[in-house]
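# got a predicted model here, sequence first, then my questions.
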Amino acid sequence: MAQCAVGGDTRVPAPIRMGTTLPEAKLISIVDDDASVAKAMGSLVRSLGFEALTFHSAEDFLRCPRRQETACIICDVQMPGMSGLDLYEALSAQGSRIPIIFITAFSIDRVRLRTGSMVCVLHKPFQASDLVTCLRDAIQ
């Protein structure tokens, strides 16, 4: 179940300093079919001072009225139904400029073939500091 508009924990705690300054309180949408990964990623993003919404499918994200407020999407590549790459292509076809950070246990080259080199791709498992760097670069 996506945490969209009502029902999601969207509290914004004080930012954690990890050697970098991140912009304050922007909405980060996390799309991952693995509930434990989505929850952990949401906690990490909130600990950095962002608002986080989690979605268990790309379709849930696309149905959310708050998606237009999203500053960045963190998205798993391999999901049932619409994949992360399919989401990227659907948003691109709509003219969306929302930056996407892909996370994958599969080939990064496969992601690059469909998205180009301008997106951040993190290979699972990854360090929190790598995500912080990608977020900083994506929303500046």
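Nice, I can see it.
# and the longest strand for this structure?
Longest strand in the chain, counting residues (DSSP state E): strand 70-76.
# mind listing what's buried along the lowest-mean-pLDDT helix or strand in the chain?
Within the chain, no helix or strand scores below helix 108-115, which has a mean of 78 by mean pLDDT, DSSP states H and E. Applying a neighbour-count criterion of 16 or more other CB atoms under 10 Å, one finds V111, T115 buried in helix 108-115. Any C-beta I mention is one placed from the backbone N, CA and C, and that applies to glycine too.
# wasn't P80 part of a helix?
No - with DSSP: H, G, I helix; E, B strand; the rest coil as the criterion, P80 is coil rather than part of a helix.
# ramachandran coordinates for it?
Torsion angles at P80 (phi, psi; degrees, to the nearest 10) stand at phi -60, psi 150.
# neighbours of it, just the number please.
Other residues within reach of P80, judged by other CB atoms under 10 Å, total 10.
# shouldn't it be in contact with E59?
No - here P80 lies out of contact with E59, judged by CB atoms under 8 Å, at a distance of 10.0 Å.
# partner strands of the longest strand of the chain, with direction?
Here strand 70-76 has these sheet partners by DSSP bridges: strand 27-31 (parallel), strand 100-104 (parallel).
# centre of the chain to that strand, how far?
Centre-to-centre, strand 70-76 and its host chain are 3 Å apart (CA atoms, centre = their mean, to the nearest Å).
# what's that strand in contact with?
Contact with strand 70-76 is made by 23, 26-34, 37, 41, 45, 50, 53, 58, 61, 84, 87-88, 98-104, 131, 135, 138-139, as judged by CB atoms under 8 Å, 6 or more residues apart in numbering.
# let's see it at 7 Å
The contact list for strand 70-76 (CB atoms under 7 Å, 6 or more residues apart in numbering) reads 26-33, 41, 84, 87, 98-103, 135, 138-139.
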